[in-house]
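Chemist: model the structure of this input:
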Amino acid sequence: MGNVFGGREQSLYLSNGGTEVFIDVLMPAVSDLADDVWDYRFAALLTLQDQNVMGRGAVGFDLQDIAWGTTQRGRARSKDFVLRATALALTRHRWSELGYDPSFAQDYLYQFPSMVESFVPADDTHLAVGFPGPEERAIASCLQHRILSALPHWDGCFLCTKPRQS
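Modeler: Numbering: from 1, shown residues only. Next up is the predicted model:
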């Protein structure tokens, strides 16, 4: 069982472990770059990919289900944010805080931007289902890990919800 992150022509199919790694390396970059309502909405979408909370094999999203913006400028800005966050993650930004070596993460991070770059968002954003609205954005940050999270709905960020390894 796995999860799919789709983009019309291209898809990124990841095992449950691959999904965890993908979100683990992307979330610190998104957290550190977010400075607009849309960015925090995208962060909220990523928090919904936490399989320790949502269930294994029950996550994933399609780029066409994201409300990229109502204007061409807004859509370009949103895509730019995702591409900048992915590029920052590719520099191994804060990977030392993960507590493990995220093998294969760079492979996923190389594939994802090509999906985003080639994706042409629809003009009509009301079709975006499953994309957190402005009132659902991830505005809380885990104090311990400095990661945007679904607080106060969940007990912590994705690092807090990880099962402890003995």
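
Chemist: how about the strands in this structure?
Modeler: Counting by DSSP state E, the chain has strands at residues 2-7, 10-15, 60-62, 140-141, 148-149.

Chemist: burial count for the closest residue to Val30 other than its chain neighbours?
Modeler: Excluding the flanking residues, the one nearest Val30 by C-beta to C-beta, 6 or more residues apart in numbering is Ala85, at 4.6 Å. For glycine as for every other residue, the C-beta is placed from the backbone atoms N, C-alpha and C. For Ala85, the neighbour count with other C-beta atoms under 10 Å is 27.

Chemist: isn't Ala85 right up against Val25?
Modeler: No: between Ala85 and Val25 there is no contact under C-beta atoms under 8 Å: 10.3 Å.

Chemist: check the offset of stretch 86-97 from the chain's centre.
Modeler: 13 Å (C-alpha atoms, centre = their mean, to the nearest Å).

Chemist: stretch 102-122 too?
Modeler: With C-alpha atoms, centre = their mean, you get 11 Å for stretch 102-122.

Chemist: show me the shaky parts of this protein.
Modeler: Confidence mapping of the chain against pLDDT under 70 gives the ranges 1-4, 7-8, 50-59, 123-129, 143, 150-158, 160-166.

Chemist: quick check: the most centrally placed residue in the chain vs Gly130, distance?
Modeler: Central residue of the chain (C-alpha atoms, centre = their mean): Leu46, 3.4 Å from the mean position. For Leu46, the distance to Gly130 (C-beta to C-beta, to the nearest Å) stands at 13 Å.

Chemist: and for Glu136?
Modeler: Taken as C-beta to C-beta, the span from Glu136 to Gly130 is 11 Å.

Chemist: which one of these two is surrounded by more residues?
Modeler: Glu136 (16 against 11).

Chemist: nearest spatial neighbour of that one, skipping sequence neighbours?
Modeler: Using C-beta to C-beta, 6+ apart, the nearest residue to Glu136 is Ala44, at 5.6 Å.

Chemist: how about the contacts made by the one you found?
Modeler: Pro132, Glu136, Arg137, Ala138, Leu148, Ala150 (C-beta atoms under 8 Å, 6 or more residues apart in numbering).

Chemist: greatest separation within the residues you listed: which pair is it?
Modeler: Using C-beta to C-beta, the contacts of Ala44 span at most 12.4 Å, a distance reached by Glu136 and Leu148.
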